[in-house]
Structure formats: C-alpha cells, structure tokens
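Visitor: okay, structure incoming, though there's no sequence with it:
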C-alpha cells in the first residue's frame, strides 16, 4: 500500500472535530528580516502545544475496539508523547510514554499531568523499551513518525494550509524522522502542485540529506542539537520515499541560526515557540533557502512546549 | 467639536496604507482558563510593536506642510514615543521624545534607533519638559492620548475588530489615559451597537473608576504598576466623555492577576506581550468581568515591546 492524499483526507475528516484548526498568521514584522512575505502556520497553538496531536489522535481513533482495551505505548522526545497521552485520555484508554533522559523536565511533567505512565531511558534505547512494554501490556505501539496513520494525521495541517492560504508559493517544514513533512507534502502536492516544498533539518543530524544522497534511508551519528524536537538519526522508512518524491529542497541548518530565528520569532514576531519550530526561518536567515521579497512563504511553526527558563540562552544573542 | 465615528473612519482611510491590519487570532488554548471563546486582536504585531503607531501616524499625517518643518515632540512611557519616532522617520521629519527615567531601557534604545532625540526626566515632569521643547523647536506636540487625531487613529483598530469578527459579543481594552478605548469604543458602538465594551485599568491607578464616580476627570495618586504602559494618573479630558458615553464596564485589575495573565498568554496562548496587554484577560481571571462559555470575547493585546529578561519574574508564578 502506498501513502497518498486519500489517507490524509480521511484522517482530516476523522480528526477535524477533535483538533484545532490553528491560525495562519500574517507576520509582517518578519518580512524585512526574512526577505519575503511571511505567514506563520501556528501549530504551536494546537492542542497539547504541537502538531503531534494531529497524528496521535488519528492513530488512536483508528484503533479497533479490541486494541483500545490494551491502550497505547509510545517513545518520544516529548511532544509526541504528550500528544499520545492526551489522545488516550480523550478516549479513556491507558497510555505509557517512553522518554529520553535528556528531555526537558517540563515535557515529562506535562505528560504525567495527563495521567499517562512515564518511563525514562537513554535516547538510543527508547524504541526497544517501548517494544518490551507493548508486549507486556498488550498495548499498541504508536510510532512518532514512521506510520501511515501518524503521517496522515500530521498531514491534515497541509490541507489547512491550502485552505487558509491558497496562493502560498513556498511551504517550509521542520524535519526529523519525516512524518510531518511526508503528510504535509502529500496534501500540498495534491492541492497546490506548483507550491515549492522545503524541509529544514538540523545540520548536526543531516539524516535526509545523507539518505537522499545515498538513495536510501541511512543512519547519521546521533548528535545533540538546539532543535531538540528534531533528534531522529534516520529517516522513517515509510516517510523517506514520500519525501523523496514530493519535496523540492532540504536545508541543513546550523544551530546558531535556529536560535537566532527563535529569538526573532519571539521578539519581533511575538510568537512563543520551540527552537525546532524556528528552523525554517533559520534556513532562510542562513541563506540556505532563497526567497523573493514578494513571495508568500508559509513557515510551519510546529510546537510551543517550552518553559520561560529555556529562553535564557537567547538573551545574549 | 465632538469626537465621533466619522473621525475614526477618516483616520483609518488616511493611515490604512501605512499601518498593519493586525491578525485576529482565535486563541482556543485560553478558552478553558478564561471561560469564554477567546479572540486576540494582536496589535503587539503592529508596526513599532504597539497600537500607538495608529494614533501617531494619523497625527503626523494630519500636520500641515508648515507644521511638518518643525517636526514633532512627545512625552511617553515608551510605546507612544517609539511610534512617534517611527512616524516621523517615515515622513522624514525630526522628532524629540521625552521619556520617564523609570522606563525600561529597551524602549529608550528602540527610540534612539529610529533616529529620534531622547530626553529623560522624572515621570511627573514629562509634559512640562515636552512643552518647553515644543516652544524652543517650533515642534508640534503629539499628546499620547488626549487628542482627537490620536484617539481617531487608535480607534482604527475598532474598525478592524468589527471587520474581522462581526459577531463579537464583548471587547476588552487596556485603559490608561483613554485614547485607545475612546477610539475603539466609538468604532464598535457605530458598527456593532450591541457589543459590550469594557476597559481594564490597573488597580493601583483607578483613574477612570474614580472619575466616573466623581462625574468628572480627577487625578489619582501616582503609583507604580506592573502594567507599566498604563501609568496615567488621570483620564484625558477629551477621552473621558467619550468613554463615559460608550463604555459598559470598567475593571480595576490587581497587578498579581495581570502578571498571571501575561504568563498564561505567553505559555498557553503562545503570544509574547507586555503585562499591560494582558490586563483584559486578568480582569476575567480575577472575576471582575463575567463571561459565558459560548461568548465571543475579543481581548485587545496592545503591545509587545519587552525584553526576554522582563519575563524572569514570571518564572515563579
């Protein structure tokens, strides 16, 4: 079975009563710094504070009555875990979330507050631990990205983008495993075939650039990055062919630009978002993506789960 | 001459090519905390980072050729000064801005960066100093609020509110001298006569509650407030009768609620705004304004000129 627009459309029909249609904000204050007409798709305002809820909710709503009984388990750097915990809570089913030791404490607290069980472990072991829990509890594993239900649910944002800004010329999306970008690119390709679609991944973890060069999904060395929601060290095997087909450009963005862009988005754009959310703007600031002054560019702002203390490092930039 | 809607309409027609039509953001994430359907009129995204630019631009665009030569002078706790400096820059005329010693340094820097001259003095002397400079330089004094051109320009936001959300039921506006509220209330009364209009002023400076009780503008003791853009200790004499006629309720909001609301707006609403901007939400949080769960309430978010360091005090709330 190939991933396609009908799956995204079905997912959107399934979840639209449960998700928020997040605002498309015309952010004129950023036009000069970014050199284009800036539109922010503010999924930091989505339920649970990130786009991840779209995919999690679609996955949970796609479970059978039998599967719902055992509940769900997932592994996540935070936002997907929070989204799964909330989706499970809405359905009244149990959830276990495996989180890397390195995740910000606020993400752990937010998941616990939603009534889910949290298990912490080193980042590289998180999928193995989740698999064990899945077997023990008969809980369905909800992958953070490499799953058609998750990709399709996340892609619902692409349908909204095309509804809210039909004459958009370029869409720039943060990129890690590739669930969000495969979903959005599938919707945008269908609804606006001439729209340029760009993925922005952290330079320390160039898994898509490396894999596209290799012609197949490859692993890159696990590295820390300021874009702490974009830490996958390999593309999703289901995401990779979709992105290969649909996406025009991939930018590998240095962390220094990502933090500068986060500060710009906050102090000039007045939008409170995670560093990972600003990586698309960082790609433009760094000159990695070329734009025209009259070009309508939609920047996908993916999440806003951060504490005020996490802004401290921006003060001296 | 009485202040009326035709002045607001004329002002809007004059300035609409120069100002931003700022977004009306449906902020669902705040619905539960505030107990209503929350809409944010995000004038923190206006040019110069606050609504003040609307009034300043209208005042400058209303000057005669002769007046333009001498330039302008103003006195302001910061945002109006910045707005005047930018309006003057756009017109290529000189500007002097008198600023209280107590204003945050970032506001001073922002005004200097716009090419204006800055004069600092104690807050209570600021109008006297501006008057002296006006005489010396033959510069037109642009009052921060008590002026028909300023009121009318600021009121352009009310026309936008009614265009963007025609079925709004309640509009809550931060209140200091009263320029913004007299302008907005005049537009909203005209375009939506059944809309409830509320002003929110800091409890430490209850100049409108005191004046409405007295039946005329009175001074209240000058006090510090966390809402540091709302520091006038008396209503504008031109604003007072307009507000008396148009406004349904005035709320006197304790600073503790204002800071809580600022944090809520930032961490849940994902919008970066000054404490003064959150005073309307604070009025609801404090129970001073009653709302229904299905009520469409527009909160006017007036400015976003703050440094990241100014968020430090929110960390422990």
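Guide: All right, it came through fine. As the structure is a computational prediction, the values presented were derived from the model and not from experiment.

Visitor: report the buried residues of stretch A:209-216.
Guide: Of all the residues in stretch A:209-216, those buried under the rule 16 or more other Cβ atoms under 10 Å in any protein chain shown are A:209, A:210, A:211, A:212. The way it works is simple: take the backbone N, C-alpha and C, and place the C-beta from them, glycine included.

Visitor: and residue A:51, what is it in contact with?
Guide: By Cβ atoms under 8 Å, 6 or more residues apart in numbering or on different chains, the contact list for residue A:51 reads A:43, A:154, A:157, A:180, A:300, A:302, A:303.

Visitor: ok so, going back, among the buried residues of stretch A:209-216, which are in helices?
Guide: Filtering those for membership in helices, criterion DSSP state H, returns A:209, A:210, A:211, A:212.

Visitor: and which of the residues you listed is nearest residue B:55?
Guide: When those are compared for distance to residue B:55 (Cβ to Cβ), residue A:209 wins out at 49.9 Å.

Visitor: show me what the helix or strand containing residue A:162 is packed up against.
Guide: Residue A:162 is part of helix A:148-164 when elements are defined by DSSP states H and E. Under the contact definition 3 or more Cβ pairs under 8 Å, 6 or more residues apart in numbering or on different chains; DSSP states H and E, helix A:148-164 sits against helix A:5-15, strand A:24-26, strand A:37-42, helix A:52-61, helix A:179-191, strand A:296-301.

Visitor: residue A:171 contacts residue A:160, correct?
Guide: No: Residue A:171 is not in contact with residue A:160 according to Cβ atoms under 8 Å; the separation is 11.5 Å.

Visitor: okay, now the closest residue in space to residue A:274 that isn't next to it in sequence: neighbour count?
Guide: Distance criterion Cβ to Cβ, 6 or more residues apart in numbering or on different chains; nearest residue to residue A:274, sequence neighbours excluded, is residue A:303 at 4.7 Å. The number of residues packed near residue A:303 is 26, by other Cβ atoms under 10 Å in any protein chain shown.

Visitor: same thing with residue A:244?
Guide: 17.

Visitor: next secondary structure after the host helix or strand of it?
Guide: For residue A:244, the enclosing helix or strand under DSSP H and E is helix A:239-246. Of the helices and strands lying after helix A:239-246 in sequence (DSSP H and E), the nearest is strand A:249-253.

Visitor: other SSEs contacting that next one?
Guide: On the basis of 3+ Cβ pairs under 8 Å, 6+ apart, strand A:249-253 makes packing contacts with strand A:196-202, helix A:207-214, helix A:279-285.

Visitor: just say which of the ones you listed is most tucked in.
Guide: Using mean count of other Cβ atoms under 10 Å in any protein chain shown, the stretch among the helices and strands packed on strand A:249-253 with the largest mean neighbour count is helix A:279-285, at a mean of 29.

Visitor: anything in that one near chain B?
Guide: No: Helix A:279-285 stays clear of chain B (Cβ under 8 Å from any Cβ of the partner chain), getting no nearer than 15.2 Å.

Visitor: and the residue nearest to the spatial centre of chain A, what's its pLDDT?
Guide: For chain A, the residue sitting closest to the mean C-alpha position, by Cα atoms, centre = their mean, is residue A:180 at 5.1 Å. Listed pLDDT for residue A:180 reads 98.

Visitor: once you drop chain neighbours, what's closest to it?
Guide: Leaving aside its chain neighbours, residue A:180 sits nearest to residue A:154 (4.7 Å; criterion: Cβ to Cβ, 6+ apart).

Visitor: swap in residue A:37?
Guide: Going by Cβ to Cβ, 6+ apart, residue A:37 has residue A:296 as its nearest residue, at 4.9 Å.
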